[in-house]
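Sequence first, predicted model second:
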Amino acid sequence: MTLEFHTSLRLRRRIERLFACIKHNNGLHRLRLRGLQGAGEQFLLAATARNHKKMAKILAA
């Protein structure tokens, strides 16, 4: 394995883990909006909600 491949693999692993956490914690096992655009918008809302929760936790500390 090359260094570039190993770096790419590590990055993909982090991103996939983040997607899995968002899907699991926000109940996105089944999309409620149709089409690619709807799926993107629903995931964007879920990611925004996750960031807001994260910021609230940081500010409360």
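Yes, it's here.

now the residue nearest the centre of the chain, what's its secondary structure?
For the chain, Phe19 is the residue whose C-alpha lies nearest the centre (C-alpha atoms, centre = their mean; 3.3 Å). Under DSSP: H, G, I helix; E, B strand; the rest coil, Phe19 falls in the helix class.

quick check: longest helix of this structure.
Looking across the chain with DSSP state H, the single longest helix is helix 35-60.

The residue nearest to the centre of the chain and Leu36: what is the separation?
16 Å (C-beta to C-beta, to the nearest Å). Where C-beta positions appear, they are placed from N, C-alpha and C, glycine not excepted.

re earlier: ok, so what distance separates the residue nearest to the centre of the chain from Met1?
Counting by C-beta to C-beta, the gap from Phe19 to Met1 is 24 Å.

returning to what we had before: buried residues of the longest helix of the chain, list them for me.
43, 46 (16 or more other C-beta atoms under 10 Å).

which other helices and strands contact that helix?
Judged by 3 or more C-beta pairs under 8 Å, 6 or more residues apart in numbering; DSSP states H and E, helix 35-60 is in contact with helix 3-25.

who does the helix it packs on touch, helix- and strand-wise?
helix 35-60.

How far away from the center of its chain is the helix it packs on?
On the basis of C-alpha atoms, centre = their mean, to the nearest Å, helix 35-60 sits 8 Å off its chain's mean C-alpha point.

So what angle separates the directions of that helix and helix 3-25?
80 degrees (axes from the mean of the first three to the mean of the last three C-alpha atoms, to 10 degrees).

average pLDDT across helix 35-60?
Average pLDDT, helix 35-60: 89.

and if you look at stretch 9-20?
Stretch 9-20 carries an average pLDDT of 87.

how far does it sit from the chain's center?
9 Å.

Enumerate the positions of it that are buried.
For stretch 9-20, it's none, nothing buried (16+ other C-beta under 10 Å).

List the contacts of that stretch.
Met1 (C-beta atoms under 8 Å, 6 or more residues apart in numbering).
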